[in-house]
Each structure stands twice: as structure tokens, then as C-alpha cells.
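Undergrad: Generate coordinates for the sequence data below:
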Amino acid sequence: MKDYIQLLSLLLLALMPVSAISDDISGYRYYQTNSSQHGEKPEFIAYIKNDDPCIYIKDIEKNKTSKFCEIQPNTGHGSISLIGDPNIYPFEMHFLAGRFHFFVAAYWAEQKCEISLYQTRKEGYMELSCGLRYPPKKEKPKEEIQKELAQKAKEYEVLIPRSVKSVSLKALKGQGTYRLIQNNSEENPCFTLESYKNALYKGLTSIKHVCSVKYNNDTINLIGSDGNSWFENFTWTDNSLMFDLNKSYGPLKCHLKLPFTEKSDAVCVDQ
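TA: Numbers count the residues shown, from 1 in each chain. Down below sits the predicted model:
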């Protein structure tokens, strides 16, 4: 009799499905509960079967399962089905703050979706909402853009002192950028030349204030000339800054070799 009972038990065990013997997860490609800590009792289960691309959410307490096979984006482009196209599928799925979050890969634009677990739980259903994962930036009104640009321009506005006549830049190959500051000769007869070996924002490399020139074997100093002499007509060559020195007896043709040093002198000759 004992042998008969053992044989009958083995036959019944062999006829039972595998799912009745142990948990079989081979039929699922995704399975997760909303319990975040060890030993915490889950309230919801999310899963996707191998042979079914839809998302299933099971409410354990109510013993009710909701199935999501289509998403309806809030962009008004129609519904997107998870069935029938392997290129449309959910990914990066997780529970967070009472919702089930996931993205949906699509040809035109990825969707960002969430399923609310508690908001409509009493009514017996779960609410799905979706929108573009990377929505286009809303264009600002033209008036607002112009206002912002005007504000930026004001922030970077440079007030040129009355003593300065003009400021100009010149980039020369292999030397960087030069900035020429011309003064009003009645207030300041000198001019200033700044050298920026690298970009302007990286800072000044060297600077030279030119108030005098070499002429024959003499030095002409414009400081104290009472406005009777001044520099004008500045032009650039590859290796010199050319300019005129206007004097009462006639203009002189001058140049300052580039790149300059602290000891560099501007030299003038008769025209």
C-alpha cells in the first residue's frame, strides 16, 4: 500500500504544470514590484511577457491587472501601438513616487510616459499619460527676445571716455590681435597700442604708450606741445603700424615695427 501511494504521488507530480511547482520567470522579459526595501510588501507588479509587448500592471490588493498596449501622446499625433512593430517598445521602466515611469522608442520622437497607480485606484483603473521625451523649446515672443538682447547689450556696454577718439582692432597672422586706442590730441597727444597674443578674453600680452618719436637724430615729444602736433592716419602692414605726425611745418611719415617691445621706438621721416 505504501509503494502504491508513493507511485501515485510521483504520477501526480509529473502531471502538474511547472508554474504550480515553482516560480517560472522564463516567460517574462521584464518583471518588477514597487517594493524598494528587502522584506517590504509590494502593492503593485509590472511585467512584460516574452510573447506580448504590452505592459501589465497588477494591483495586488485588489487582485486586478491592467493592460497597456497603446499610448496616446498629448501632442495630438494619434495613438502609438506597442503591438506589431519591434521598433516601437518601452524601455527604462521603474516605479517611483506612486507612478510607473517608462520611455517608448518611436521613429519620429521618443515618448515619456507614466502610469498613475493611486490617483484613480478607487475608481478601479490606472491612468496613463505620455508626451515627447524631448519637447521642442517654446519660442519666445519677438518683443521679449528684443528686450533680452537689449539687456545683454547694456551689460556689455563700454563707455568710451571723452579723451578717447577711437578704438580699433587688427588681427595679424602669427602675432595675434592688436588694439589701437587713439586719444583726442587736445587732451592727450599719445596713442596706446595693446597686444593680445591669444584671444582677447585671455588677457593682455603687452602694452605701449607712444608719446614721442625718433626723427633723424632727435626725439620729438608730443607731451607739452600745446596741441600743435598730433598723430593721425593710422594704417597697418604685416609688420608695422604706419601713421602720420602732423606738425606746424608739415607732416612726417612714421612707423612702429611689430611686434613691439618696451624698448621699441616709433620712427619718423620726411614725406
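
Undergrad: ok, Ala266 touching Leu252?
TA: No - with contact defined as C-beta atoms under 8 Å, Ala266 does not count as touching Leu252 (10.2 Å). C-beta: built from backbone N, CA, C; applies to glycine.

Undergrad: any common contacting residues for these two?
TA: Jointly contacting Ala266 and Leu252 under the rule C-beta atoms under 8 Å, 6 or more residues apart in numbering are Val213.

Undergrad: tell me the SS of Lys67?
TA: strand (DSSP: H, G, I helix; E, B strand; the rest coil).

Undergrad: give me the number of residues near it?
TA: Neighbourhood size, Lys67 [other C-beta atoms under 10 Å]: 10.

Undergrad: next one: Thr177
TA: Using other C-beta under 10 Å, Thr177 has 16 other residues around it.

Undergrad: Surely it is in contact with Lys170?
TA: Yes - between Thr177 and Lys170 there is a contact at 7.0 Å, judged by C-beta under 8 Å.

Undergrad: measure Tyr215 to Ser206 for me?
TA: According to C-beta to C-beta, to the nearest Å, Tyr215 and Ser206 sit 24 Å apart.

Undergrad: Report the contact partners of Lys41.
TA: Residues in contact with Lys41 (C-beta under 8 Å, 6+ apart) are Ser35.

Undergrad: before we move on, which element is it in?
TA: Counting by DSSP states H and E, no helix or strand carries Lys41.

Undergrad: Ramachandran angles for it?
TA: Phi and psi for Lys41, reported as degrees, to the nearest 10, are phi -80, psi 120.

Undergrad: Model confidence score at it, please.
TA: Per-residue confidence at Lys41 stands at 91 (pLDDT).

Undergrad: Can we start the residue count at 471 from this point?
TA: I'll keep to 471 as the first residue from here, and by that count the last item is Lys511.

Undergrad: What residues does Phe572 make contact with?
TA: Here Phe572 is in contact with 525, 560-564, 583-584 (criterion: C-beta under 8 Å, 6+ apart).

Undergrad: Kindly reformat the residues you listed as CSV containing pLDDT and secondary structure.
TA: Output for the contacts of Phe572, formatted as CSV (pLDDT from 0 to 100; DSSP: H, G, I helix; E, B strand; the rest coil):
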residue, pLDDT, secondary structure
Ile525, 96, strand
Pro560, 95, strand
Phe561, 95, strand
Glu562, 95, strand
Met563, 96, strand
His564, 95, strand
Cys583, 95, strand
Glu584, 95, strand
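
Undergrad: Pick out the most distant pair among the residues you listed.
TA: Pairwise distances across those (C-beta to C-beta) peak at 14.1 Å, for the pair Phe561 and Glu584.

Undergrad: And these two? Which one has more around it.
TA: Between Phe561 and Glu584, counted using other C-beta under 10 Å, Glu584 has the larger neighbour count: 17 against 10.

Undergrad: What about Pro560, how many residues nearby?
TA: Around Pro560 there are 20 residues (other C-beta under 10 Å).
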